[in-house]
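[1] need a 3D model of the following:
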Amino acid sequence: INTYAGGTVVNNGALRLLNGGADAAIRGSVTVNPGANLRLSTVNALGYGTTATTVTNVNVVSGSVSNVTSGDQGYFTTYNLTGGSMQGGSGWWIFGSAANGGINSLASSNASVISGNFYLKGDVANLPISTEAGSVPGGVDLEISGNITGDSGKGIVKSGAGTLKLSSGCGYSGATILNN
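    Numbering: from 1, shown residues only. Below is the predicted model of the structure:
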């Protein structure tokens, strides 16, 4: 396991993370640039221990992140998408820390897309999802096509002038709050 915290940039091809657990395979921020892929090939590749031992930010700039495991990813992670995509297989995008997790869709001429299931747990009362308005053909800045579920009382709060489309089931029992 690497212990550096200076950040990782994926410019071309794919970076495949094969180790994980409480301590992430890499730490700090990860940027995935156009055409590149961050491939999460083991459960908890981004870590879940503390913010000092996890990936805290994943910046996807017209690149992609693939969760190819049957486990969970991203307990403490904030995802910043600028025309990027997050593809979930049979695994889950887990959000468990209110202070250190969420989704930001930044203004772009390309829509950001997230597939795969979400699970809300821990001290997250409402998952923060922020969407900036871009110049996206069709007008949808961020589309989430996976089911959003979670522990009792968990929900989402959407902010920003961009358009969020939830195109699958939402089995969470908490609030849906819209802020602009």
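[2] where in the protein is pLDDT low?
    1-5, 98 (pLDDT under 70).
[3] list of residues touching the host helix or strand of Ser130?
    Taking DSSP states H and E as the criterion, Ser130 maps to strand 126-131. Residues outside strand 126-131 that contact it (Cβ atoms under 8 Å, 6 or more residues apart in numbering) are 95, 101-105, 118, 120, 141-142, 144, 148, 154-164, 174-175, 177. Every residue, glycine included, has its C-beta placed from N, CA and C.
[4] now Ser173. Nearest residue, chain neighbours left out?
    Among residues not flanking Ser173 along the chain, Ser152 sits closest, at 5.6 Å (Cβ to Cβ, 6 or more residues apart in numbering).
[5] check Asn44 too.
    Gly20 (4.1 Å).
[6] now do the same contact list for that neighbour.
    Gly20 is in contact with 40, 42-47, counting by Cβ under 8 Å, 6+ apart.
[7] what's the local residue count around the closest residue to Val140 other than its chain neighbours?
    The spatially closest residue to Val140, leaving aside those adjacent along the chain, is Lys165, at 4.6 Å (Cβ to Cβ, 6+ apart). Counted with other Cβ atoms under 10 Å, the neighbours of Lys165 add up to 15.
[8] repeat for Asn19
    Asn19 sits with 15 neighbouring residues when counted by other Cβ under 10 Å.
[9] can you tell me how far the residue nearest to Gly83 when sequence neighbours are not counted is from Gly138?
    Counting by Cβ to Cβ, 6+ apart, Gly83 lies nearest to Asn110, which is 3.3 Å off, once chain neighbours are set aside. Asn110 is 11 Å from Gly138, where distance means Cβ to Cβ, to the nearest Å.
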